[in-house]
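Enquirer: Curious how this folds, go ahead:
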Amino acid sequence: MFRNLKAEMIRQNVSIKDIANLLNIKVGTARAKINGKIGVSLEDCKKIITLFNENNTIDYLFKKAD
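Expert: Numbers count the residues shown, from 1 in each chain. I've put the predicted structure just below:
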């Protein structure tokens, strides 16, 4: 699970639907990626980060929860 990503989604008003639309995937697939149930490619990460302000990095947003 990507806790930082989920927290920033709430703070910056980014929905799972926004991510799904950006990646051209179903909402359920986007949810599975965000929850860490299926992998997220580097290309997906690069696309997703564009939805957030410039102070967020891939390392921060996609840090796995311990």
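
Enquirer: Kindly check the end-to-end length of stretch 32-41 for me.
Expert: Terminal residues of stretch 32-41 are spaced 13 Å apart (C-alpha to C-alpha, to the nearest Å).

Enquirer: which regions of the chain sit below the pLDDT cut-off?
Expert: In the predicted model, the chain carries pLDDT under 70 at residues 66.

Enquirer: quick one: the helices in it?
Expert: For the chain, the helices defined by DSSP state H occupy 3-11, 16-23, 27-34, 42-49, 58-61.

Enquirer: now those in a markdown table, with mean neighbour count?
Expert: Heads up, the C-betas are built off the backbone N, CA and C, glycines and all. Output for those, formatted as a markdown table (neighbours: other C-beta atoms under 10 Å):
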| stretch | mean neighbour count |
| --- | --- |
| helix 3-11 | 16 |
| helix 16-23 | 16 |
| helix 27-34 | 17 |
| helix 42-49 | 15 |
| helix 58-61 | 14 |
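
Enquirer: So residue 34 sits against residue 5, correct?
Expert: Yes: shown here, residue 34 and residue 5 form a contact pair, counting by C-beta atoms under 8 Å, at 6.2 Å.

Enquirer: Just list the residues touching residue 45, thanks.
Expert: With contacts taken as C-beta atoms under 8 Å, 6 or more residues apart in numbering, residue 45 has the following neighbours: 58, 61, 62.

Enquirer: Would you mind confirming that the last one is in contact with residue 39?
Expert: Pointing back at residue 62 there. No: applying C-beta under 8 Å, one finds residue 62 not in contact with residue 39, separated by 10.9 Å.
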